[in-house]
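Novice: The following comprises the amino acid sequence and a computationally predicted model.
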Amino acid sequence: MPHTHTSRSLKRLYEPDAYHAPALPKSFWAESVGPLPACQTLPDGGNITAEIAVIGAGYTGLSAALKLAQAGRSVVVLDAGRPGWGASGRNGGFCCLGGSMLSFHALAKRFGEDASRQFARHQMAAIDLAAQRIDAWGADVDRHSVGEMVLAHKESRIKDLHEEARELKYFAGIETTFHNKESLTDMGLRVYGVAGGLHVKAGFGLHPYKYIAALHKACLAAGVQIFEQAEIGAITEDATGVTLHHPQCKITAQQAIIATNGYSAENMPQWLAGRLLPVISGILVTRPLTDGELAEQGWQSDMMAYDTRILLHYFRKLPDGRFMFGGRGGLSASPEGQIKARKALVKEFHSMFPAWQKVDITHHWNGLVCLSQSRRPFVGRVDGYQRLWASLGYHGNGVALASYAGEMLADLMTGKISQSDIGPVMSIPPQKIPLPGLRRQYRWLAYAAYGFQDAFL
């Protein structure tokens, strides 16, 4: 029997503004680069055939498409907006470790130490892949920062930094250096309220839209067909292939990939329903700061940093002297919700960097971070399908890992690697979240609890 999804309306968790695809977000990244070269639009009344169809033109989808094209497959990529419209063009540009909300120790307790170390190797390989691409393409992506600084936002979190240092050494072989408050100030990393920091010597910062532009260019050069404003509304699978349905045409392929991450529809395919919890993350960017303003605050380093709050903040000085500051916590994607989230984010920024309270903020935007029920990424075949695959759930650290996971998925589909090469941490799919229809409601309660923990525990 054919396996069919025929819903005419895509079901999503947030208000329509979160998924408004016709225009790029009003981010500093998009504004400073400009739109990528225009892609094709789907023909009206036509049919398109390829060996592989990819839904989503972000880091995951384009990385998978590039690897598949290099392996000799014909590939079409379809995006509801434009390449980089989603999280790949909205994120903070931290090319770093991460991908799971679980520590290496927690993963080892569930899957064993070998599996946890395998996941650590994947994370390091993901950073290396991004660096190798940038070098091979000669791409100017504003690369900077040697590793990242994890900042204890209060004295009681210092012990957590030391535990993280032990885990990174034991499971990943990554070197770290602890710095006290005075040492951070000497390094030009002074933040109000911070008690200490751990320099994790892995990863670097980049301009995320310049990186997606370079990946986009490489895909076109490899013969990948990319279609924009091409939202797919239904998937049909039968014994011979997969058909993706768009109001204007049908796309037929031997296999297909879901690479929509936090922007996935709940029913595209139905398997996704209730397994993901996209959360809103906001970013603001200031005008370029003068040397005097940087000195007044005491932040002169270009090292990327984040703090130990559960509702974390992440920030870095950009190469042109602007300062980028991001954080979790928005609850609504409506225009009113975005205004409220901006006010909250500005307040947090000013509390941590009080010397910059009168500095103009030139840009603010939001995006969706993809969390999963398992708190782990997933790379593999979609349950119930034979020809449909997915890679998603990077938990806010997708610059490196999404790029790498896309390539891994391509290799899995072509038989170059097996699930054991990916490992259980990333190949076991998430289950459904309990009471999925109440996700936004109990996220509000969770945020209240997390805020209390961050402030008082």
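Specialist: Looks like it arrived, so ask away.
Novice: Which positions within stretch 301-313 qualify as buried?
Specialist: S301, M303, M304, A305, Y306, D307, T308, R309, L311, L312, H313 (16 or more other C-beta atoms under 10 Å). Every C-beta, even on glycine, is put in place using the N, C-alpha and C of the backbone.
Novice: what do you get for stretch 105-119?
Specialist: L107, A108, F111, A115, S116, R117, Q118, F119.
Novice: How about stretch 330-350?
Specialist: For stretch 330-350, by 16+ other C-beta under 10 Å, it's 330-333, 337-338, 341-342, 345-346, 348-350.
Novice: Between which two of those residues is the distance greatest?
Specialist: Greatest spacing in the buried residues of stretch 330-350, by C-beta to C-beta: A333 and H350 (23.9 Å).
Novice: related to what we said a few turns ago, nearest to D135 among the buried residues of stretch 301-313?
Specialist: Nearest to D135 among the buried residues of stretch 301-313, with distances taken as C-beta to C-beta, is M304, at 19.6 Å.
Novice: My read is that that closest one contacts F94, right?
Specialist: Yes - counting by C-beta atoms under 8 Å, M304 does reach F94; the two are 5.5 Å apart.
Novice: overlap in contacts of the two?
Specialist: Residues touching both M304 and F94 by C-beta atoms under 8 Å, 6 or more residues apart in numbering: E148, G203, G205, Y314, R316.
Novice: low pLDDT regions in the protein?
Specialist: Residue ranges of the chain with pLDDT under 70: 1-8.
Novice: Okay, helices next: where are they in it?
Specialist: Along the chain, the stretches classed as helices by DSSP state H are 28-33, 59-70, 104-111, 113-137, 158-167, 181-186, 208-221, 291-297, 335-352, 398-413, 419-422, 424-427, 439-456.
Novice: How about G173: what's its closest non-neighbour residue?
Specialist: Computed as C-beta to C-beta, 6 or more residues apart in numbering, the closest residue to G173 that is not its neighbour in sequence is A120, at 8.0 Å.
Novice: Let me know the distance separating the one you found from I257.
Specialist: Look at A120 and I257: by C-beta to C-beta, to the nearest Å, they are 26 Å apart.
Novice: and what of K26?
Specialist: Distance of K26 to I257, computed by C-beta to C-beta: 29 Å.
Novice: So between the two, which is more surrounded?
Specialist: Between K26 and I257, counted using other C-beta atoms under 10 Å, the more crowded position is I257 (28 against 10).
Novice: count of neighbours near the nearest residue to L435 once chain neighbours are set aside?
Specialist: Distance criterion C-beta to C-beta, 6+ apart; nearest residue to L435, sequence neighbours excluded, is Y442 at 7.4 Å. Y442 has 13 neighbouring residues, counting by other C-beta under 10 Å.
Novice: can you pull up the bridge partners for the nearest residue in space to A131 that is not next to it in sequence?
Specialist: In space, A131 comes closest to F204 once its chain neighbours are excluded; the distance is 7.3 Å by C-beta to C-beta, 6+ apart. For F204, the beta-bridge partners are C95 (DSSP bridges).
Novice: State the distance from F204 to A130.
Specialist: For F204 relative to A130 (C-beta to C-beta), the value is 8 Å.
Novice: shared neighbours, these two?
Specialist: Common neighbours of F204 and A130 (criterion: C-beta under 8 Å, 6+ apart): C95.
Novice: of those two, who's got more company?
Specialist: A130 (27 against 23).
Novice: ok, the more buried one - contacts?
Specialist: Neighbour list for A130: C95, L206, Y211, V399, A400, S403, Y404 [criterion: C-beta under 8 Å, 6+ apart].
Novice: you'd agree I361 is up against L289?
Specialist: No - using C-beta under 8 Å as the test, I361 is too far from L289 to be in contact (11.7 Å).
Novice: In terms of neighbours, single out the busier of those two.
Specialist: Counted by other C-beta under 10 Å, I361 and L289 do not tie: L289 has more neighbours, with 22 against 18.
Novice: ok, residues contacting stretch 205-214?
Specialist: Here stretch 205-214 makes contact (C-beta under 8 Å, 6+ apart) with 27, 29-30, 32-33, 36, 58-59, 62, 83-84, 88-95, 130, 133-134, 137, 139-145, 302, 304, 316, 399.
Novice: From those, keep the buried residues only.
Specialist: Among the contacts of stretch 205-214, those classed as buried by 16+ other C-beta under 10 Å are 27, 29-30, 32-33, 36, 58-59, 62, 83-84, 88-95, 130, 133-134, 139, 141-145, 304, 316, 399.
Novice: okay, which residue is most central for the chain?
Specialist: Against the mean C-alpha coordinate of the chain, by C-alpha atoms, centre = their mean, the closest residue is G398 at 3.4 Å.
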